[in-house]
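Participant: got a sequence here, can you model it:
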Amino acid sequence: MHLRLSNGNRVRARSAINVDSTATEIPHQWYNLIADLSVKPPPPLHPKTFEPVKPEDLSHLFPDELIKQEATNERFIDIPEEVMDVYKLWRPTPLIRAKRLEKLLDTPARIYYKYEGVSPAGSHKPNTAVPQVYYNAQQGVKNVVTETGAGQWGSSLAFACSLYGLGCEVWQVRASYDQKPYRKLMMQTWGAKVHPSPSDVTEAGRKILEMDPSSPGSLGIAISEAVEVAATNDDTKYCLGSVLNHVLLHQTVIGEECLRQMEAIGETPDLIIGCTGGGSNFAGLSFPFIREKLSEKINPVIRAVEPTACPSLTKGVYAYDFGDTAGMTPLMKMHTLGHDFIPDPIHAGGLRYHGMAPLISHVYELGYMEAISIPQTECFQGAIQFARTEGIIPAPEPTHAIAATIREALRCRETGEPKVILMAMCGHGHFDLTSYEKYLQGNMVDLSFEEEKIKGSLAKIPQVLA
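Facilitator: Numbering: from 1, shown residues only. As a prediction, the model looks like this:
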């Protein structure tokens, strides 16, 4: 039997537990959800004029093709052959049924996870790092700069730069720089220069250090430092690992693949779960499924999971705010905790961002998805259960998705519902073992946001009339 998806692809249904990845074709196009939304997302605004950003306003940061992708309403964007050739190093990625976890939980639910940890950098981040560096190289750019939290994005960009011969400079959030030294070494092995953030290299970093010499840093601060360097060097552009539309676009290769894999085994997800920080991993898996939901072919619940210490979707406000701490980026309409909010140093460094991707925020406002937050000790408890049944040690970020999946599977045990749960497993935790050590030794504590701290940061959000 053949099943037709709304992207025009045909797949053959067959009975299997896990999909043979080699039998799944890598998608040749990225999917743009904006094309299928009847209500388009609000545009980014220039921080001085409050007018919609023009392409020339972004030209000092991004190459022309990425600026076009950021603003496009086209439904599909062709993946360049040169990028496809690199994708073939690890794609397609496996879709795996977690049978042993199901058995441990004694649940009637069927749990599947799309595993992105097989990439060279060990996460989903190369899906966008490769095209971003490719487009920069095509335009003759010599160097790129970026921020990174836990280091998955920084190492992915360093990997991509090593393939295309570009210089790479990374500002890594101080808390993660200290917690995860092997991520730094990974970046350096691929040729990148790495700074702890805040640093004394930039004006933005120096200002933070003057106020708090022991600052643990944040993604917002690290973005400010990288953007400052890109804006003041003609041969340098900025790359972002999440949040922006073109980043989410590139990540849809995950969901496009997964749609075909689920169809190939005759399964339809009732629930799709992914962790959210900036949102690229979550969007990458969920957006193609939202397309199918909008066309009324399927009707899954789509659930984002964020840390209780940085709950932008569940506790933030939907407003225009800066994407960085220093206020150097355009203003974006998103769920935010305030651009100068510095989250407590939880172990899921990749989720310590004050805002949510504007497109995910818009989809959330439209009611196409839901969101919850989970504390880190529950997440690591789930991670241990997952590792001891499925064999994969997950990165701290997807432990949030695992914990939410376990919650749902246990509910299914109580109700008897045989739900199909699809989970985003965005990377492995081989370089996060100090976090596991803290949990296993009983030294991990739950960190949560302080209401007064958030009130203070929200008060500094720019006042923009919608």
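Participant: show me where the stretch 151-300 of the chain has strands.
Facilitator: Here the stretch 151-300 of the chain has its strands, by DSSP state E, counting those that start in this stretch, at 167-173, 193-197, 236-238, 271-275.
Participant: neighbouring strands - and their directions - for the last one?
Facilitator: The sheet places strand 271-275 alongside strand 301-307 (parallel), strand 420-425 (parallel), with pairing taken from DSSP bridges.
Participant: and for the shortest one?
Facilitator: Taking DSSP bridges as the criterion, strand 236-238 pairs within the sheet with strand 143-148 (parallel).
Participant: now the partner strand and strand 167-173, what's the angle there?
Facilitator: Counting by axes from the mean of the first three to the mean of the last three CA atoms, to 10 degrees, strand 143-148 lies at 20 degrees to strand 167-173.
Participant: show residues contacting strand 143-148.
Facilitator: When contacts are defined by CB atoms under 8 Å, 6 or more residues apart in numbering, strand 143-148 is touched by residues 132-133, 136, 153-155, 157, 161, 166-173, 176, 183, 187, 197, 219, 222-223, 225-226, 229-230, 233, 235-241. For every residue, glycine as well, the C-beta is placed using N, CA and C.
Participant: repeat that for stretch 172-182.
Facilitator: 147-151, 154, 183-184, 187, 194-198, 215-219, 221-222, 345, 347, 349, 352, 431-432, 434-435.
Participant: surely residue 242 meets residue 279?
Facilitator: Yes: assessed by CB atoms under 8 Å, residue 242 is found in contact with residue 279 at 6.0 Å.
Participant: which one's more surrounded, those two?
Facilitator: residue 279 (33 against 27; other CB atoms under 10 Å).
Participant: what number of residues lie near the spatially closest residue to the more buried one that is not a sequence neighbour?
Facilitator: In this structure, residue 279 finds its nearest non-sequential neighbour in residue 357, 3.6 Å apart by CB to CB, 6 or more residues apart in numbering. By the measure other CB under 10 Å, the count of residues near residue 357 is 29.
Participant: measure residue 357 to residue 52 for me?
Facilitator: 18 Å (CB to CB, to the nearest Å).
Participant: now do residue 417 against residue 108, distance only.
Facilitator: From residue 417 to residue 108 the distance is 7 Å (CB to CB).
Participant: need phi/psi at residue 61.
Facilitator: For residue 61, the backbone dihedrals are phi -110, psi -40 (criterion: degrees, to the nearest 10).
Participant: ok, residue 53 next?
Facilitator: phi -60, psi 140.
Participant: ok, residue 427 next?
Facilitator: According to degrees, to the nearest 10, residue 427 has phi 180, psi 160.
Participant: so what's the closest residue to it other than its chain neighbours up against?
Facilitator: Excluding its sequence neighbours, the residue lying closest to residue 427 (CB to CB, 6+ apart) is residue 123, at 3.1 Å. Residues counted as contacts of residue 123 (CB under 8 Å, 6+ apart) are 116, 117, 152, 156, 395, 426, 427, 428.
Participant: now do 7 Å
Facilitator: Neighbouring residues of residue 123 by CB atoms under 7 Å, 6 or more residues apart in numbering: 116, 117, 152, 156, 395, 426, 427.
Participant: most neighbours among those, which one is it?
Facilitator: For the contacts of residue 123, neighbours tallied by other CB under 10 Å; top is residue 152, 34 neighbours.
Participant: and the closest residue to residue 69 other than its chain neighbours, how many residues sit next to it?
Facilitator: Nearest-residue entry for residue 69: residue 246, 4.0 Å, with adjacent residues in sequence omitted and distances by CB to CB, 6+ apart. Other residues lying near residue 246 total 24 when counted by other CB under 10 Å.
Participant: okay, residue 246: pLDDT?
Facilitator: You'll see residue 246 listed with a pLDDT of 98.
Participant: which SSE is residue 150 in?
Facilitator: Secondary structure assignment for residue 150, by DSSP states H and E: no helix or strand.
Participant: that one: neighbour count?
Facilitator: Neighbours around residue 150, by other CB under 10 Å: 31.
Participant: same question, residue 42
Facilitator: Count around residue 42 with other CB under 10 Å applied: 19.
Participant: does it touch residue 331 like I think?
Facilitator: No: Residue 42 is not in contact with residue 331 according to CB atoms under 7 Å; the separation is 9.9 Å.
Participant: distance between the longest helix anywhere in the chain and the chain's centre?
Facilitator: The single longest helix within the chain, with elements called by DSSP state H, is helix 399-415. With CA atoms, centre = their mean, to the nearest Å as the basis, helix 399-415 stands 22 Å off its chain's centre.
Participant: give the other helices and strands that it contacts.
Facilitator: If contacts are counted by 3 or more CB pairs under 7 Å, 6 or more residues apart in numbering; DSSP states H and E, helix 399-415 sits against helix 99-105, strand 271-275, strand 301-307, strand 370-374, helix 376-390, strand 420-425.
Participant: next, count neighbours for residue 250.
Facilitator: 27.
Participant: oops, could you answer that again for residue 417 instead?
Facilitator: As a measure of burial, residue 417 has 13 neighbours, counting by other CB under 10 Å.
Participant: could I get the phi/psi values of it?
Facilitator: Here residue 417 shows phi and psi, under degrees, to the nearest 10, equal to phi -70, psi 130.
Participant: what residue lies at the spatial centre of the protein?
Facilitator: Nearest to the mean C-alpha position of the chain, counting by CA atoms, centre = their mean, stands residue 280 at 3.1 Å.
Participant: how close does that residue sit to residue 192?
Facilitator: Distance from residue 280 to residue 192, by CB to CB: 20 Å.
Participant: what's the answer for residue 93, then?
Facilitator: 24 Å.
Participant: ditto for residue 121
Facilitator: 12 Å.
Participant: that older thread, I figured the residue nearest to residue 279 hits residue 251, correct?
Facilitator: No: assessed by CB under 7 Å, residue 357 is found out of contact with residue 251, at 10.3 Å.
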